[in-house]
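Visitor: Could you look at this predicted model? Sequence included:
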Amino acid sequence: MIQLIRGFKDILPGEVERWQQIEKTAVALFEDFGFKEIRIPVMERTELFARSIGEDTDIVEKEMYTFPDRKGELLTLRPEATASIVRSYIQHKLYAQDPVRKFYTIGPMFRRERPQKGRYRQFYQINAEVFGIASALMDAQLIFMLMTLFSRLAVVDVEPYINSLGCPLCRPNFKTALGDFLESKAGDLCSDCTKRHQRNPLRVLDCKVPACREAMTDTPSILEFLCPECDRQFEILKNALEKLNISYVIDKRLVRGLDYYSRATFEIKTGLLGAQDAVAGGGRYDGLVKALGGPDLPATGFAVGFDRLAELTAPKAADSARQPDIFIAALGETSRSLAFEWTCALGLAGIKVEMDMSDKSLKSQMKRADRLFAKHVLIAGETELEQGAVILRNMATKTQVTIAIENLVDNVKKELAK
Ligand code: AMP
């Protein structure tokens, strides 16, 4: 038998309702905050990700699903959505009328990571991106939206971790100090970080290898190197969060290793998921639009890990709305053909309906109605049909009535409304 690809998964009925619920909640919230949906392709030119995420990152170095198409062009299944949204913003000049644009998108991402609980090779993200706003108030609002989303989904034990990455003015000073610190730890770093620390020292900060984490405990904090404007923006972020009663943790190791990223960076962590504890991550990428060929406009955004959020969301109690309102038990060829027409008509009228299309006995059809937790069974036997009627049995009260088959849909509706 052909099985799923490792690290990929099916989301089956029973679980998918939770995903729908999360999606509905997120969309309603984002729309209220002025975000519009954007849908972007799952595949782009490899170069887009190499330039936006960066050559020195784990994602680009080892995790992308990249292949040449039949003409030899290198294509990649998207490992994240921001790069595509930026490309789209630039390509369609979405900044032309008003540079301030807010987008959200929901969909699958692909990274060839080592699969484990909470980490998949196809996983889903809910993304929100804002263009044209430089103020840290927007970063605070994004964190507020995330916390509101979690609270509406009754997800507890989530806390924002925040940091600033400074800007091209102040970051070089920090990089020098970090470089000196890394020199002193050279023997303690993993092989990736040993390679990386010359080219991209910031990446060493968020390496997950325990030896590196240990070595980096006393790393200098970028917050001590911020220029006055970056410092002011970080204060605005913290004050806004305090005003919104959102408690946060300052995490000096929270970084993104690229020069396009600047100022606010954040992650929402939970104590409920074990090792893969980040449910959402985001931050400012003020230099990216320009770096990808667009105007010099600021941007900020986040990505929620949908799979992890679904794990944190309590399974809903058996959803009574999904039970059939009517199960039609038809006996004999003529009644089955009528039942078929009725199922179509009842379905069109918004009544959840099921029937058995094979030639089963009444007993076995009633059993199936029980298994589906059908609320009513409409019994269409030959004798009743001759009299232009069917029997409607209420499965909870075990009472039954006879109803006319003329205007059946209306008659059923009336009975259901009782
Ligand atoms: P990132 O784009 O790496 O900042 O990730 C944003 C969020 O996506 C993380 O906080 C996770 O919740 C989720 N995420 C990232 N990678 C994976 C993965 N391989 N499997 C499941 N969720 C993931």
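Guide: Thanks, I have it. Owing to the predicted nature of the structure, the values given are computational and were not obtained by experimental measurement. Residues are numbered from 1 along each chain as shown.
Visitor: residues contacting the residue in the chain that the ligand sits nearest to?
Guide: Among the residues of the chain, Gly305 lies closest to the ligand, at 2.0 Å counting by CB to the nearest ligand atom. In this view, the C-beta of every residue, glycine as well, is placed from N, C-alpha and C. Contacts for Gly305 (CB atoms under 8 Å, 6 or more residues apart in numbering) come out as 118, 123-125, 278-280.
Visitor: number of nearby residues for Leu74?
Guide: Other residues near Leu74 come to 13 when the count uses other CB atoms under 10 Å.
Visitor: which residues does it contact?
Guide: So, once contact is read as CB under 8 Å, 6+ apart, Leu74 ends up touching 45-47, 66-68.
Visitor: who's the residue of the chain closest to the ligand bridged to?
Guide: Partner residues in beta bridges with Gly305: Gln125, with DSSP bridges as the criterion.
Visitor: returning to what we had before: most widely separated two among the contacts of Gly305?
Guide: Set against one another by CB to CB, the contacts of Gly305 have their most distant pair in Tyr124 and Ala278, with a gap of 14.6 Å.
Visitor: Settle this for me: Gln276 is touching Glu311, isn't it.
Guide: No - with the criterion set as CB atoms under 8 Å, Gln276 and Glu311 do not qualify as a contacting pair; they are 9.4 Å apart.
Visitor: The stretch 301-418 of the chain against the ligand: which residues are in contact?
Guide: Counting by CB under 6 Å from any ligand atom, the residues of the stretch 301-418 of the chain lying close to the ligand are 303, 305, 307-308.
Visitor: Pull the most distant pair out of these.
Guide: Of all pairs drawn from those, the one with the largest separation by CB to CB is Ala303 and Asp307; the distance is 12.0 Å.
Visitor: isn't there a strand covering Glu406?
Guide: No - the secondary structure assignment for Glu406 gives coil rather than a strand, going by DSSP: H, G, I helix; E, B strand; the rest coil.
Visitor: Please name the nearest non-neighbouring residue to it.
Guide: Nearest residue to Glu406, sequence neighbours excluded (CB to CB, 6 or more residues apart in numbering): Gly388, at 6.5 Å.
Visitor: OK, contacts around that neighbour?
Guide: 404-406.
Visitor: What subset of the residues you listed is buried?
Guide: A residue is treated as buried here by neighbour count (16 or more other CB atoms under 10 Å); on that basis the buried members of the contacts of Gly388 are Ile405.
Visitor: Just name the closest of the contacts of Gly388 to Asp370, please.
Guide: Checking the contacts of Gly388 one by one against Asp370 (CB to CB), the nearest turns out to be Ile405, at 24.4 Å.
Visitor: about what we covered before: among Tyr124 and Ala278, which residue is more densely surrounded?
Guide: Taking neighbours as other CB under 10 Å, Tyr124 and Ala278 compare with Tyr124 leading, 21 against 17.
Visitor: In contact with the residue nearest to that one when sequence neighbours are not counted, which residues?
Guide: The shortest distance from Tyr124 to any residue that is not its chain neighbour, by CB to CB, 6+ apart, is 3.6 Å, and that residue is Phe306. Phe306 is in contact with 19, 22, 106, 123-126, counting by CB under 8 Å, 6+ apart.
Visitor: do the same with Asp98
Guide: If a contact means CB under 8 Å, 6+ apart, then Asp98 has Gly132 as its contacts.
Visitor: Model confidence score at it, please.
Guide: Reading off the confidence values, Asp98 has pLDDT 96.
Visitor: what's the answer for Thr46, then?
Guide: According to the model, Thr46 scores 97 on pLDDT.
Visitor: follow-up on the earlier one: anything in contact with each of Gln276 and Glu311?
Guide: Contacts common to Gln276 and Glu311, judged by CB under 8 Å, 6+ apart, are Gly118.
Visitor: can you pull out the strands in the stretch 151-300 of the chain?
Guide: 158-164, 249-250, 262-270, 278-284, 299-305 (DSSP state E, counting those that start in this stretch).
Visitor: Tell me which of those strands sits nearest to Ile2.
Guide: Distances from Ile2 to each of the strands of the stretch 151-300 of the chain were compared using CB to CB; the minimum, 28.0 Å, belongs to strand 299-305.
Visitor: which parts of the helix or strand following the closest one are buried?
Guide: Beyond strand 299-305 in the direction of the C-terminus, DSSP states H and E gives the next helix or strand as helix 306-312. For helix 306-312, the neighbour count (16+ other CB under 10 Å) marks 306-312 as buried.
Visitor: burial measure for the closest residue to Arg368 other than its chain neighbours, as a count.
Guide: Take Arg368 and drop its neighbours on the chain: the residue closest to it by CB to CB, 6+ apart is Asp356, 6.1 Å away. The burial count assigned to Asp356 is 17, neighbours taken as other CB under 10 Å.
Visitor: Touching, Asp356 and Pro324? I think so.
Guide: No - no contact is recorded between Asp356 and Pro324 when judged using CB under 8 Å, the distance being 11.7 Å.
Visitor: Take stretch 73-93, keep the C-alpha atoms, and write them as CSV.
Guide: Below are the C-alpha coordinates for stretch 73-93, written out as CSV (Å, rounded to 0.1, in the frame of the first residue of the first chain):
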residue,chain,number,x,y,z
GLU,A,73,14.6,26.6,-13.8
LEU,A,74,15.1,26.2,-10.0
LEU,A,75,11.8,26.2,-8.2
THR,A,76,11.1,25.8,-4.5
LEU,A,77,8.0,24.7,-2.5
ARG,A,78,7.6,27.7,-0.2
PRO,A,79,9.1,27.3,3.3
GLU,A,80,7.2,30.4,4.5
ALA,A,81,4.8,33.0,3.1
THR,A,82,6.4,36.4,3.8
ALA,A,83,8.7,36.4,0.8
SER,A,84,5.8,35.7,-1.6
ILE,A,85,3.6,38.3,-0.1
VAL,A,86,6.5,40.9,-0.4
ARG,A,87,7.0,39.8,-4.0
SER,A,88,3.3,40.2,-4.7
TYR,A,89,3.2,43.6,-3.1
ILE,A,90,6.1,44.8,-5.3
GLN,A,91,5.0,43.0,-8.5
HIS,A,92,1.5,44.4,-8.5
LYS,A,93,2.5,47.7,-7.1
